[in-house]
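Chemist: Have a look at this fold, sequence not included:
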């Protein structure tokens, strides 16, 4: 595993770093992190909610990140912060070996003559950078990355191995893109005719905001005429498909293997669960959350959580369930026949044929 | 964005190019294209259907592509063509910068000694071409493409960065394959035994027709013994999976993230919607269209549109719907009990137990 | 196609190789393989089950792989083995050209100074190997593979072109990984806060067992703290997503485009069908099989086959089915009203309101 350097931190150091306050021994040291129930001597953990206090009380962790109201009920050295889970994330970053190599341009990288590389950038082995590319300060392009003509990459952005950026793609600052992802490939646009398909040239681009994270082997297509747009602070998981002219609102999360069809607009602060499919030309409001495997065929105006699909059953139960659904017409007919003869009039307004589908 | 060169075209030039006819000012110029409701001065747009004529009448576009019957009702300079949408696609291509570099072989490309490169081919940086490869005229292999031993690529085919073509793959003429796609990897074939899985060597190949378009990060496996076959004019979107020995009929479209399992035969002029799954060893007729997220477990003999899946609902509605489906047996039992006592004999032939599942 | 060398084998040679026994002519030769109904002169095929004996009797194959009980009823030269299908797989491997190039390190490969390459390894063009990497004997890294710092690859493992192995990934012996797959990218871990997402550094690794096969363009994320673990003899198809901290039990098969969400534990000897989604933090027992497109939202304790989803119907039938499911509440209400008035008491315990959802 990615051996974290074993650098040791004192409680007071971490408190300062996190803008928090120490309760207990300011010189208490930790050299790694762990979940509350697995933490042992020399480790830091966190308590985000009151229901975990009991578990926390017996934790062997040497330092706990907690909120003020919980600190008092814990015997440990604590660092009091507003958001313990976020603080835990910040500490985790101290243990990540971010930089794989010193600022430099690898001799096997192929750069167009007009490309200027700021002194503190890292350009890995066999990277290819075409003409007209603009790089911010501290950009890291890992091995075998392809950067097409006229691409712009903002300061502090890290691009992992074998990412492909087509010509004209614009990426903001402090983004991270995992290996194998393709940004700016042609959208799926064709005019059907008797003999086949006439390709509609995809003349738009892709604009990605700041602090965007994109997983591995994902695909984000360029626009047909306008650009495909990914807002600031969006997080995108592996193998996600984003079609041409899609707009993803700020802070929205796209989970693994979901797909957003062309020209759909996703609101802010939403989420699309794993393997969900959002159809084309739809508008999804802010704060809409689709659970995994959701099938979204219409626009959504109201915030909230939406779901679809049938969870698994033992195979034979499932076969029967599918059959019964197929037989609903017959069931309806029989019930209506019985109802007509024996039903109560005052209940008649509830007949399926008159009721609106829920 | 992919700055389109701003080359200007006169109506008469375009008409000749499209095999159309000018109505109005033959010297009217345009320098870019746009949708009918967004078009402004200096732009060309199109009207494909009568219902858009009203919108078109107020369009600021300087040139419209229309059919003869609609031209008269529009004040604009028009180019009269048989298929305005296709014509629009053809004009769009005038604005695409197709060629990223001059015909050449980049010095960092690695070619086997026996590979002959026709003078008008483009071989990008760090392309690898193994022994026995045959390239047609005007083939473009962008940076970091891998071409395995014995691969054949037809004239005019463009392969974008980082595509992998395994040994023996055959690709037709005028195809385009987007970045990261893998063609000819081993199919998923194993013989199960007590200790695990015995690999069945995948000895077949992949044959791709002419004018085929394939998206980014897609996978098309090689056959087990016979070849996997993609017909002429097929269009395939991003992240699509095509299993070993699949045959895809001419002009069929495979939309993003759909999957076709091994040995299935898809007919001509069909479509498979996004995230649809077509099972293995099936035969699908011509002109069959599956909407997004379709679950296809049996062969389809009749042309038409097919669908499955439940669209999203608010989470609690969905939970109740799932529960009610689970309770269908009880509902059936109660209705049958009531029916047996009060139902009409002449309606008896409609009882669920006797009816065939639809 | 991948022209199999036409090397000829005698029945007696194959019998020895397979640990089988010849019935008929030990000098009978074959030079290729085929399915029983397509096999012709000079070809070998197999009969795995009694129901195929009739078909086999008329097969033109020159050698058949069969079990002892079936051999007598067939006129062909047979090789009697315990598992004909596995034997067929073993023979298929004789016709695969495994080695694309002689043991060597291609001059364009970029190796860190401290990397030691055993004499019988194959390192292809433009492979990049970072510092601290350990390779077993006979490892094959095809063109453009990226091997991150500290990666360990066991003896006999073959890695096809353009695979990316992030730092610290550990791969066992005799594995094969197809092109474009990414192993060890960051898991999808973030702490939400008002302003966006705080990244949780993914400090774990990925440990892959022996004889594991992984398809093309798949993604297997590194763990958050502990490792993501793929057991021995697991087979993984194309475009599969495995989230951080997932554990996949030995011999389990993951079919194309399925996804396993973070921290889920899959048992041994199971299978996850194509496009199935298994939710996060679940535990799935051994010998559990999910059919294609399954939606798994809860842990599964009992072995067996599980399914979900509605197979496709003609579009209008599907629309009606969806509407009827939406009307189930009304149907329930009407039936309950009728039941209350006319139902039999002894059947009352079957009322939906009292029954548990199945």
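Modeler: Cool, got the structure. Since the model is a prediction, treat every value here as computed from it, not as a measurement.

Chemist: What angle do helix B:328-342 and the lowest-mean-pLDDT helix or strand in chain A make with each other?
Modeler: For chain A, counting by mean pLDDT, DSSP states H and E, helix A:328-342 ranks last in confidence among helices and strands (a mean of 87). Interaxial angle of helix A:328-342 relative to helix B:328-342 (axes from the mean of the first three to the mean of the last three CA atoms, to 10 degrees): 40 degrees.

Chemist: From the contact counts, what lies against helix A:328-342?
Modeler: Packed against helix A:328-342, as judged by 3 or more CB pairs under 8 Å, 6 or more residues apart in numbering or on different chains; DSSP states H and E, are the following elements: helix B:328-342, helix C:315-326, helix C:328-342. Placement of C-beta: from N, CA and C, glycine included.

Chemist: so can I have CSV of those showing distance to residue B:133 and mean neighbour count?
Modeler: Below are those laid out as CSV (distance: least, CB to CB, whole Å; neighbours: other CB atoms under 10 Å in any protein chain shown):
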stretch, distance to residue B:133, mean neighbour count
helix B:328-342, 59, 19
helix C:315-326, 45, 17
helix C:328-342, 60, 18
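
Chemist: which one of those helices lies closest to residue A:265?
Modeler: helix C:315-326 (25.0 Å; CB to CB).

Chemist: coming back round to it: will you turn the helices and strands packed on helix A:328-342 into TSV that also has distance to residue B:93?
Modeler: Listed next are those as TSV, based on distance: least, CB to CB, whole Å:
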stretch	distance to residue B:93
helix B:328-342	54
helix C:315-326	34
helix C:328-342	51
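
Chemist: distance between the helix or strand harbouring residue A:90 and the chain's centre?
Modeler: Assessed by DSSP states H and E, residue A:90 sits inside helix A:84-94. Distance of helix A:84-94 from its chain centroid, counting by CA atoms, centre = their mean, to the nearest Å, is 18 Å.

Chemist: Which stretch among the helices and strands packed on helix A:328-342 approaches residue B:72 most closely?
Modeler: Ranking these by proximity to residue B:72 (CB to CB) places helix C:315-326 first, at 37.1 Å.

Chemist: can that closest one be found next to chain B?
Modeler: Yes. Among the residues of helix C:315-326, C:315, C:317-319, C:322, C:325-326 lie within reach of chain B under CB under 8 Å from any CB of the partner chain.

Chemist: can those go into CSV with extra columns for pLDDT?
Modeler: Shown next, in CSV, are the residues of helix C:315-326 next to chain B (pLDDT from 0 to 100):
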residue, pLDDT
C:315, 96
C:317, 94
C:318, 95
C:319, 94
C:322, 93
C:325, 92
C:326, 90
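
Chemist: Can you tell me which of those residues is closest to residue B:194?
Modeler: Looking across the residues of helix C:315-326 next to chain B and measuring by CB to CB, the closest to residue B:194 is residue C:318, at 42.8 Å.

Chemist: The closest one contacts residue C:312, doesn't it?
Modeler: Yes. Between residue C:318 and residue C:312 there is a contact at 7.3 Å, judged by CB atoms under 8 Å.

Chemist: Poorly predicted segments of the stretch 151-300 of chain A, please.
Modeler: Within the stretch 151-300 of chain A, no range satisfies pLDDT under 70.

Chemist: For it, give the residue positioned nearest to chain C.
Modeler: In the stretch 151-300 of chain A, the residue that lies nearest chain C is residue A:233 (3.4 Å; CB to the nearest CB).

Chemist: give me the number of residues near the nearest residue to that residue once chain neighbours are set aside?
Modeler: Nearest residue to residue A:233, sequence neighbours excluded (CB to CB, 6 or more residues apart in numbering or on different chains): residue C:196, at 3.4 Å. Neighbourhood size, residue C:196 [other CB atoms under 10 Å in any protein chain shown]: 20.

Chemist: Tell me how far residue C:196 lies from residue C:202.
Modeler: Applying CB to CB, to the nearest Å, the value for residue C:196 to residue C:202 is 18 Å.

Chemist: try residue A:265
Modeler: Relative to residue C:202, residue A:265 is positioned 31 Å away (CB to CB).

Chemist: circling back to that earlier point, shared neighbours of residue C:318 and residue C:312, anything?
Modeler: By the contact definition CB atoms under 8 Å, 6 or more residues apart in numbering or on different chains, residue C:318 and residue C:312 are jointly contacted by B:306-308.

Chemist: Quick one, which of those residues are buried?
Modeler: Buried members of those, counted by 16 or more other CB atoms under 10 Å in any protein chain shown: B:306-308.

Chemist: now, which of these lie close to chain C?
Modeler: Filtered for proximity to chain C (CB under 8 Å from any CB), those shrink to B:306-308.

Chemist: Show me chain A divided up by domain.
Modeler: Following automatic domain parsing, chain A resolves into domains at A:9-95, A:104-306, A:315-348.

Chemist: Of the ones next to chain C among the buried ones among the shared contacts of residue C:318 and residue C:312, which belong to strands?
Modeler: Counting by DSSP state E, those place B:306-307 in strands.

Chemist: Now do the helices in the stretch 1-150 of chain A.
Modeler: Applying DSSP state H, counting those that start in this stretch to the stretch 1-150 of chain A gives helices spanning A:11-18, A:53-57, A:68-71, A:84-94.

Chemist: Would you mind telling me which of the ones you listed is nearest chain B?
Modeler: helix A:84-94 (23.8 Å).

Chemist: buried set for the closest one?
Modeler: A:84-92, A:94.

Chemist: Whether that helix contacts chain C - can you check?
Modeler: Yes. Contact of helix A:84-94 with chain C (CB under 8 Å from any CB) involves A:85-86, A:88-90, A:92-93.

Chemist: Now do that helix and helix A:11-18, the angle between them.
Modeler: Here helix A:84-94 runs at an angle of 100 degrees relative to helix A:11-18 (the same axes, to 10 degrees).

Chemist: which residues sit against helix A:84-94?
Modeler: With CB under 8 Å, 6+ apart, helix A:84-94 has contacts from A:7, A:9, A:14, A:17-18, A:20, A:33, A:44-48, A:65-67, A:79, A:81, C:190-191, C:193, C:198-201, C:203.
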